[in-house]
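Trainee: sequence and predicted structure below; questions after.
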Amino acid sequence: MTTIPNSPGIGLRLAHLAQMVTTRPPAGWLEVHPENFLANPHAAELLAELSTQYPISVHTVGISVGSAGGIDRLHVQRIRELVDQITPVFVSGHLAWSTYGAEYLNDLLPLPYNEETLQIVSANVDEVQNTLSIPYLIENPASYVGFDSSTMKETEFLRKLVQHTGCRLLLDVSNVVVSAHNMGFDAHQYIDDFPADAIVEMHLGGFTPEGDEATPGAEVWIDTHAAAIAERSWDLYAYTVRRWGAKPTLIEWDNELPSLATLLDEAAYADRVVAGIAREAAHAKAR
Ligand SMILES: [Fe+2]
């Protein structure tokens, strides 16, 4: 089975697809949104070609595991067909909901963390995993609001979800930074509480501070994936790697897309962070 190295990968967007095929730069692995390829057979063909050289992770944005009405089976079946074509190492998606009946909403919407939601999400994740025949990775969301009906912390909810379904987790470190700022919790404590045994991939993405309409002078941080990785995210990433070890890490940049070279530079920086921590550990052992 192909594996993903514990080195950084980059998000492959359609704008960079042709350049990737012709230049084959030294990226550790690639992550794609299947929704970009399902209705684009030519792009899917190029991706299949790249998949012979690069390990691929498939990151869905259209599977709504938080929907009480169940998932869109046809959509998951179409993702299964792409999975059969490119044999990815991972398939992942968000802990959120984004469909209402037959309608697709443009946002990843938050969920209250309680037993009722846990039953709904567990049933949907089971169905996704049965259809894909591969463990599904669930990603912690960037949060902007909480719910009075939540009875457990997000980390506890994720731990129970792993126990119920056997799914694995994608830890988005930048989402932790964004949520900690917006919701007023301690990001390091969140990392300490995270069900680390289940982490198989990490994300780092850029966010955008905006004025908070409800509180003049305050800022809301928006998970835009439209900027370089912030210093705060690099710091929390280093903390996470020291705490739980290095994992395949993706540089996520979807909007105001930079050049492929800039993406590769960000990935190389992540590599240096991990290498620096490994050196530190080796020194400490030698002492
Ligand atoms: Fe992410």
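Mentor: Sure, I can see it.

Trainee: how close does V128 sit to the ion?
Mentor: Separation of V128 from the ion (Cβ to the ion, to the nearest Å) stands at 18 Å. C-beta: built from backbone N, CA, C; applies to glycine.

Trainee: next up, phi/psi of the closest residue to that residue other than its chain neighbours, please.
Mentor: Excluding its sequence neighbours, the residue lying closest to V128 (Cβ to Cβ, 6 or more residues apart in numbering) is Y136, at 5.0 Å. Backbone torsions of Y136, given as degrees, to the nearest 10, read phi -100, psi 140.

Trainee: pretty sure Y136 contacts V91?
Mentor: Yes: between Y136 and V91 a contact is recorded at 5.8 Å, counting by Cβ atoms under 8 Å.

Trainee: hang on, the earlier thing: residue contacts, the residue nearest to V128?
Mentor: Contact analysis of Y136 by Cβ atoms under 8 Å, 6 or more residues apart in numbering lists 91-93, 125, 128-129, 165, 167-168.

Trainee: so where's the stretch 1-150 of the chain uncertain?
Mentor: The stretch 1-150 of the chain contains residues with pLDDT under 70 at 1-2, 98-107.

Trainee: and whatever residue of it ends up closest to the ion, how many residues sit next to it?
Mentor: Using Cβ to the ion, E139 is the residue of the stretch 1-150 of the chain that sits closest to the ion, at 5.5 Å. Counted with other Cβ atoms under 10 Å, residues neighbouring E139 total 21.

Trainee: over to R13?
Mentor: By the measure other Cβ under 10 Å, the count of residues near R13 is 18.

Trainee: which stretches in the stretch 151-287 of the chain count as helices?
Mentor: Taking DSSP state H, counting those that start in this stretch as the test, the helices found in the stretch 151-287 of the chain are 154-165, 173-183, 187-193, 231-244, 260-286.

Trainee: next up, the contacts around L17.
Mentor: Going by Cβ under 8 Å, 6+ apart, L17 touches 43, 46-47.

Trainee: how about 7 Å then?
Mentor: Contact analysis of L17 by Cβ atoms under 7 Å, 6 or more residues apart in numbering lists 43, 46.

Trainee: so it, which of the three states?
Mentor: Following DSSP: H, G, I helix; E, B strand; the rest coil, we place L17 in the helix state.

Trainee: roughly how far does it sit from W221?
Mentor: L17 sits 30 Å away from W221, going by Cβ to Cβ, to the nearest Å.

Trainee: rewinding a little: the residue of the stretch 1-150 of the chain closest to the ion reaches H94, doesn't it?
Mentor: Yes: using Cβ atoms under 7 Å, E139 is in contact with H94, at 5.0 Å.

Trainee: wait, P5 touches G28, no?
Mentor: Yes: contact status for P5 versus G28: in contact at 5.1 Å, counting by Cβ under 7 Å.

Trainee: looking at these two, which one has more neighbours?
Mentor: Each of P5 and G28 has its neighbours counted (other Cβ under 10 Å); G28 has more, 19 against 11.
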